[in-house]
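[1] the sequence isn't on hand, but the structure is:
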């Protein structure tokens, strides 16, 4: 795989940290990794964006943003309110494809969930993935409610003929409750795809060196790691 699209079942569930973990493992294997954030919202011009954070934590060699909008809203809404030009799926696909000619692996991190609108025509990250023919790695929360949103996302991908690479829990709690433990066993069935890891809560607060050393223990062998769900 040269391009992986990273989406989620919602916002603030750990997409950036999971993207960083995948990037860290691939970088440690000697691969050249680039991170693409098509639309960054809710940050100022001088602030560090998600793609920059992935590079900081993982040691990936490159990051790119196509647009940055000031308000923390869906990209289409944020662009409209700022009077700025939105970024559509075709532009995302073209940028990712270009990066793939220069790097071994390109990680495209979406904004919010899979079907959040990028433009006023209703273009989504799913449309970009379909144009690229790239698999989607879905980041999910651990707790109550995740089975429903995971299955909805899986059905949306299947309806569009997009491959789901698997699911990763974006923030595995230090003291998981009953729902989280049960969900861990049920997520693969709901997703119709393998469970490929669980990143511990607070991982984003680690120093880059420690993050890079530990990342492979959070991801399954299919993503280059050594994680085993049975260990949880």
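    Everything's here; your move. Computed from a predicted model, the values in this text were never measured in an experiment.

[2] next, the distance between the ends of stretch 134-144.
    For stretch 134-144, the first-to-last residue distance is 29 Å (CA to CA, to the nearest Å).

[3] what's the burial count for residue 89?
    22 (other CB atoms under 10 Å). C-beta: built from backbone N, CA, C; applies to glycine.

[4] no no, residue 30
    Residue 30: 7 neighbours (other CB under 10 Å).

[5] just the pLDDT for it.
    On pLDDT, residue 30 comes in at 97.

[6] got it, and residue 45?
    The model's pLDDT for residue 45 equals 86.

[7] thought it was touching residue 69?
    No: using CB atoms under 8 Å, residue 45 makes no contact with residue 69, being 10.8 Å away.

[8] of these two, which one has the most company?
    Applying other CB under 10 Å to residue 45 and residue 69 shows that residue 69 carries more neighbours, namely 24 against 6.

[9] what bridges to the more buried one?
    residue 41 (DSSP bridges).

[10] didn't it look like it was pressed against residue 41?
    Yes: when contacts are counted by CB under 8 Å, residue 69 is listed as touching residue 41 (4.7 Å).

[11] overlap in contacts, those two.
    Common contact partners of residue 69 and residue 41 (CB atoms under 8 Å, 6 or more residues apart in numbering): 75, 78.

[12] measure residue 53 to residue 109 for me?
    10 Å (CB to CB, to the nearest Å).

[13] between these two, what contacts are shared?
    Common neighbours of residue 53 and residue 109 (criterion: CB under 8 Å, 6+ apart): residue 16.

[14] which of these two has more residues huddled nearby?
    The neighbour comparison of residue 53 against residue 109 (other CB under 10 Å) goes to residue 109, with 30 against 19.

[15] so for that one, what's the pLDDT?
    pLDDT, residue 109: 98.

[16] what sits against it?
    Here residue 109 is in contact with 6, 15, 16, 19, 35, 36, 37, 50, 51, 54 (CB under 8 Å, 6+ apart).

[17] next, residue 137: secondary structure please.
    strand (DSSP: H, G, I helix; E, B strand; the rest coil).

[18] could you pull out the helices for this protein?
    Assigned by DSSP state H, the helices in the chain fall at 15-28, 50-58, 75-82, 89-100, 125-132, 146-159, 178-191, 208-214.

[19] so which of those helices gets nearest residue 231?
    helix 178-191 (10.9 Å; CB to CB).
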